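**Q** Give the three-dimensional model of this entry:
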Amino acid sequence: MNINQVTKRALLTLCAFALLICAPAVLAQTASDISKSNSSDATAPTQITTRESAPPDAPWYANSDGAYTVSLGTGQLISLYPQPRNDQSIPNGEYVEGQQSVSLKSKDYKYQMLYGLSASSVYTNSIGGVGTGSDLVSTSINPYLAVFMPTPTGRFLLQYSTVINPNDTQSGGPQAYHTVSLGSMGAISDRWYWTASLSGSYGSESARLQGPLSFLVVQSTPIADTTSTAVLLRARNVAFSESSVGLGWLKSRRDKISFTAFHIYTGIQSDATNGDVASHSNAIGGRMEYVRSLTQRIDLRSYGETESVLNGPTCNTYGGGVGIGARLSHSVELDVRGGPQWSTATCGAPQSANFSASLVKNFGSQDRVYATVNRQFSTISGLSGHWEDDASIGFAKGYRRLTFMTDAGYLRGDAVGTIVPAYHGYFVAPRVRYKILNTMGFSAGYRSFHGSGGNLVSGNLSYAVVGVEWYPAPLHFR
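**A** Have a look, this model is predicted:
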């Protein structure tokens, strides 16, 4: 059994049982966390806004993931809501350890610009099956810019980040990968609100893999996006976009109903040197969710969803489910949901199921551990199927000026037929940061990507990265 097989089995084992492994430990701390919560709220650095700590005039989104986003430049959590805190926890910029977010005092809740830059030297090795050489050294420069614009009834956040490789490993010439995102929300009345989001990426596939990892916000914690990271594409350039609009109704202080419509596009440019063919995928869908707050710590959820792939054979899927979200203690969050899913045969299975579970534990302002598992519909072109199972695990541990972090994920697709095998891939990304100044840090890490099957690629990529990051405090306007 080779090292790749051992690594894949180890990742599967960790992801499958991570929730069960973490549960006893975090439950054992629940009682002590609850007893300490009142005293720690007054002295600890900025934490996740909870129902107990939110001020009485908190906006409708203060207690949801809508109050946070993930920085495209650093992968750190950005607070979009002015959380109560004392003067000792003034943020030092976007370069921060663990879960300490860039948040604002209420009186400073104004226009602001976040910016920064990182520069790295990248050593590429262990390349196989992706049409490139090995033992290459390149440079990666990652500028980042974001503008936050609060309004009387909501807020807007525009982010832009790019990966620039002056001497790319694949072509030898300059390559770049650009990413932009816009998130917005606002209140129409005391009971109605709207949401809108748009994100898009385009550029070199090689540059994409050398850029920052993609993260999602789950239970107010950045979690590695396995779907975006564990897929290797044999292409010169790739394009991704996702947009959504939503409408919500606050039926009461305990009940919330939301409706969302979305569109997803994936484009893969052909690589003529390998005889590959370009592929494109468009999908549209909708989702309705009802959330009932039973207590200050427990939410019950029910939802229905539908999605259609517009390219190729007709593929329609619809389903629903129920779930529960529980804050087991001041720092432990559990979310589980799932239900039946029906799909046409061209989607990969006449009947399936959707499922999602996450467990997050934050230890103070720097340390965290998380585990997530999902079974969901996928629109990635070339997976040879439309269903995927993915899992991710990660942790962060701070010690004085040092912060150690590791994120890993595994993805497995369901094949439509027997001719083309289903795609499966995984990644592991350990790294370390050393804070030189409050706004500057030194970082080093290793990234390993592996994938096989589908119509994409069978191979692996490994990167060793050393660089410097500079993310000063945001500039405030108006």
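**Q** Next, report how far stretch 361-368 is displaced from the centre of its chain.
**A** How far stretch 361-368 lies from its chain's middle: 18 Å, per C-alpha atoms, centre = their mean, to the nearest Å.
**Q** Any chance you could give me that stretch in PDB, C-alpha atoms only?
**A** The C-alpha coordinates for stretch 361-368 follow below in PDB (Å, rounded to 0.1, in the frame of the first residue of the first chain):
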ATOM      1  CA  LYS A 361     -15.000  24.300  19.500                       C
ATOM      2  CA  ASN A 362     -13.200  27.700  20.200                       C
ATOM      3  CA  PHE A 363     -10.600  27.700  23.000                       C
ATOM      4  CA  GLY A 364     -10.300  31.400  23.800                       C
ATOM      5  CA  SER A 365      -9.300  33.900  21.100                       C
ATOM      6  CA  GLN A 366      -6.600  31.900  19.300                       C
ATOM      7  CA  ASP A 367      -7.300  28.100  19.400                       C
ATOM      8  CA  ARG A 368     -10.000  26.200  17.700                       C
END
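**Q** Buried residues of that stretch, list them for me.
**A** For stretch 361-368, burial by neighbour count (16 or more other C-beta atoms under 10 Å) applies to 361-363, 365-368. Just so you know, the C-beta spots here come from the backbone N, C-alpha and C atoms, and that holds for glycine as well.
**Q** Tell me which entries of those lie within helices.
**A** In this view, the buried residues of stretch 361-368 have no member that belongs to helices under DSSP state H.
**Q** Next, format those residues as TSV and append distance to Gly246 and pLDDT.
**A** Below are the buried residues of stretch 361-368 laid out as TSV (distance: C-beta to C-beta, whole Å; pLDDT from 0 to 100):
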residue	distance to Gly246	pLDDT
Lys361	29	89
Asn362	28	81
Phe363	33	80
Ser365	31	66
Gln366	33	72
Asp367	33	83
Arg368	28	86
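**Q** Go through these and say which is closest to Ser189.
**A** For the buried residues of stretch 361-368, the residue nearest Ser189 by C-beta to C-beta is Asn362; the value is 34.5 Å.
**Q** For that closest one, give the beta-bridge partners.
**A** Per DSSP bridges, the residues bridged to Asn362 are Arg368.
**Q** can you tell me how far it sits from Tyr68?
**A** Per C-beta to C-beta, to the nearest Å, Asn362 is found 13 Å from Tyr68.
**Q** Tell me which stretches of the chain form helices.
**A** Using DSSP H, helices in the chain cover 3-28, 30-43, 205-210, 226-229.
**Q** rank the ones you listed by pLDDT, which is bottom?
**A** In terms of average pLDDT, helix 30-43 trails the rest of those, at a mean of 40.
**Q** Could you list the low-pLDDT ranges of the stretch 101-250 of the chain?
**A** Applying pLDDT under 70 to the stretch 101-250 of the chain flags residues 101-109, 126-135, 168-172.
**Q** 80 instead, please
**A** 101-110, 125-136, 167-173, 206, 219-220, 232-236 (pLDDT under 80).
**Q** In it, what residue spans correspond to strands?
**A** Secondary structure of the stretch 101-250 of the chain (DSSP state E, counting those that start in this stretch): strands at 111-128, 136-151, 154-165, 175-187, 192-204, 215-218, 221-224, 237-250.
**Q** of the ones you listed, which approaches Lys435 most closely?
**A** So among these, strand 111-128 is nearest, using C-beta to C-beta, at 14.0 Å.
**Q** Parallel or antiparallel, list what pairs with that closest one.
**A** strand 136-151 (antiparallel), strand 459-470 (antiparallel), strand 475-477 (antiparallel).
**Q** In JSON lines: the ones you listed, plus mean neighbour count.
**A** Shown next, in JSON lines, are the strands paired with strand 111-128 (neighbours: other C-beta atoms under 10 Å):
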{"stretch": "strand 136-151", "mean neighbour count": "18"}
{"stretch": "strand 459-470", "mean neighbour count": "19"}
{"stretch": "strand 475-477", "mean neighbour count": "12"}
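**Q** mind listing the strands for the stretch 351-478 of the chain?
**A** 351-363, 367-377, 387-399, 402-414, 424-437, 440-452, 459-470, 475-477.
**Q** These into a markdown table, with extra columns for distance to Val180?
**A** Below are the strands of the stretch 351-478 of the chain laid out as a markdown table (distance: least, C-beta to C-beta, whole Å):
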| stretch | distance to Val180 |
| --- | --- |
| strand 351-363 | 27 |
| strand 367-377 | 25 |
| strand 387-399 | 24 |
| strand 402-414 | 23 |
| strand 424-437 | 23 |
| strand 440-452 | 23 |
| strand 459-470 | 20 |
| strand 475-477 | 20 |
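**Q** and Val217, what does it touch?
**A** Going by C-beta atoms under 8 Å, 6 or more residues apart in numbering, Val217 touches 65, 68-70, 77, 223.
**Q** wait, which of the buried residues of stretch 361-368 is closest to Leu437?
**A** Closest to Leu437, out of all of the buried residues of stretch 361-368 and judged by C-beta to C-beta, is Gln366, at 17.1 Å.
**Q** picking that back up, relative to His424, which of the strands paired with strand 111-128 is closest?
**A** strand 459-470 (12.7 Å).
**Q** For the closest residue to Thr344 other than its chain neighbours, give the beta-bridge partners.
**A** Spatial nearest neighbour of Thr344, excluding adjacent residues (C-beta to C-beta, 6 or more residues apart in numbering): Asn316 at 5.2 Å. Beta-bridge partners of Asn316, counted by DSSP bridges, are Ser308.
**Q** pretty sure Asn316 contacts Phe377?
**A** No. At 10.5 Å, Asn316 does not count as touching Phe377 under the criterion of C-beta atoms under 8 Å.
**Q** Now do the shared contacts for the two.
**A** Joint contacts of Asn316 and Phe377 (C-beta under 8 Å, 6+ apart) are 307, 343, 347.
**Q** Just put the strands paired with strand 111-128 in CSV and tack on distance to Arg297.
**A** What follows is those, written out as CSV (distance: least, C-beta to C-beta, whole Å):
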stretch, distance to Arg297
strand 136-151, 29
strand 459-470, 36
strand 475-477, 35
